[in-house]
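Undergrad: Next one to model:
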Amino acid sequence: MTAAGGLTWRRAPPPLRALGRWITIIQLVGYTTSLLFVHHTTGMTPPGIASHYRGADSMAATDAPMEFPKSYAEMLTITHTHLLSMAAIFVFSGAALALCERPGERARRLLIAEPFVALLVSFASMWLMRYVDARFSWLLALSSGIMALTFYAQSFFVLRELARPAERA
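TA: Here you go, the predicted structure:
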């Protein structure tokens, strides 16, 4: 896509560059806020994740509020809303990364595809953790962590590219 003469951020008109910059900044703030929420609700630990979805033992001596297992309807709602909204986020961030000249094409392809794979692994592991075995929380934490790192890498490359001066026509 960024072959000689192709569309890149450096060749894009200033209004499109501004749109790319602001979408990326807003997505960064929104994604970071969601990670803060996950930290608040699960502690970002596999045991915390498992208890959030599977429920916590109400007999445990802890100051944490009681947690009940997510119902089938709640699991469907979480999956539906998160898959659709996160797919949209990664379409925007992936398209923005595709317009970058760096990193190289192979790395861009990997960074564009990885969040979609991680989404499928994360939500499959969420269901497996909830209904099969709590240890799938480790897979959920790992795939979600890689997805977050990839998103931040995408955003870094996009903002770095947009910080470079536009090419004169």
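Undergrad: Residue 132: how many residues sit nearby?
TA: By other C-beta atoms under 10 Å, 10 other residues sit near residue 132. Yep, even glycine has a C-beta here, placed from its N, CA and C like the rest.
Undergrad: any idea how far it lies from residue 79?
TA: 15 Å (C-beta to C-beta, to the nearest Å).
Undergrad: Just the buried positions in the helix or strand of the chain with the lowest mean pLDDT, please.
TA: Sorting the helices and strands of the chain by mean pLDDT, DSSP states H and E puts helix 46-54 at the bottom, at a mean of 93. Within helix 46-54, the residues that qualify as buried are 46, 48, 49, 50, 51, 52, 53, 54, counting by 16 or more other C-beta atoms under 10 Å.
Undergrad: My read is that the fourth one contacts residue 134, right?
TA: Yes: using C-beta atoms under 8 Å, residue 50 is in contact with residue 134, at 4.0 Å.
Undergrad: Is it correct that residue 122 is in contact with residue 148?
TA: No: assessed by C-beta under 8 Å, residue 122 is found out of contact with residue 148, at 10.4 Å.
Undergrad: Distance from the helix or strand hosting residue 124 to the middle of the chain?
TA: Element membership of residue 124, judged by DSSP states H and E, is helix 105-131. Here the centre of helix 105-131 is set off from its chain's centre by 9 Å, with C-alpha atoms, centre = their mean, to the nearest Å.
Undergrad: elements contacting it?
TA: Secondary-structure packing of helix 105-131 (3 or more C-beta pairs under 8 Å, 6 or more residues apart in numbering; DSSP states H and E): helix 46-54, helix 72-98, helix 136-163.
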